[in-house]
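[1] coords below, sequence missing:
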């Protein structure tokens, strides 16, 4: 049984499938479930002064993402829920949060990339599987 689970969500149609898979797990009543979403860094602009980093004054939709996470969290019972909305590279932030919360399991989705596309498009799930120090469940979209 898992006592601490990090569920990485992407505000996509796959989120519901990921949550359904997570609910099927045998979680102890005092289990901690961390629902996380990683926002990307703002894109660099062509006219950006290279000697200065991009401004961090960009308005992020944190409240919208957190509302989405809370709506998905309402589907869990008998667990302690934590919501994390962070900014950065998804594979790095997922691993970082897993270490912070000392999780037993990471659950995340897969875009379904294969072959060369998987290599060129940088598979987040592959990076997490390779670098995580705990069990990782990769949920594929229902076709």
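    Received the coordinates, thanks. Values in this document were obtained by computation on a predicted structure and should not be read as measured data.

[2] all helices of the chain, in order?
    Secondary structure of the chain (DSSP state H): helices located at 14-23, 62-73, 90-101, 115-120, 124-131.

[3] mean neighbour count and mean pLDDT for those - can I get that in a markdown table?
    From N, CA and C alone the C-beta is placed, and that goes for glycine too. A markdown table is the format used below for the helices of the chain (neighbours: other CB atoms under 10 Å; pLDDT from 0 to 100):
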| stretch | mean neighbour count | mean pLDDT |
| --- | --- | --- |
| helix 14-23 | 18 | 90 |
| helix 62-73 | 15 | 77 |
| helix 90-101 | 19 | 96 |
| helix 115-120 | 10 | 54 |
| helix 124-131 | 17 | 91 |
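
[4] quick one: mean pLDDT for stretch 24-32?
    Averaged over stretch 24-32, pLDDT sits at 84.

[5] max-length strand in this protein?
    Across the chain, the longest stretch assigned as strand under DSSP state E is strand 27-39.

[6] will you turn the helices of the chain into JSON lines that also has distance to residue 2?
    Listed next are the helices of the chain as JSON lines, based on distance: least, CB to CB, whole Å:
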{"stretch": "helix 14-23", "distance to residue 2": "10"}
{"stretch": "helix 62-73", "distance to residue 2": "16"}
{"stretch": "helix 90-101", "distance to residue 2": "12"}
{"stretch": "helix 115-120", "distance to residue 2": "27"}
{"stretch": "helix 124-131", "distance to residue 2": "16"}
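
[7] out of these, nearest to residue 29?
    helix 14-23 (14.2 Å; CB to CB).
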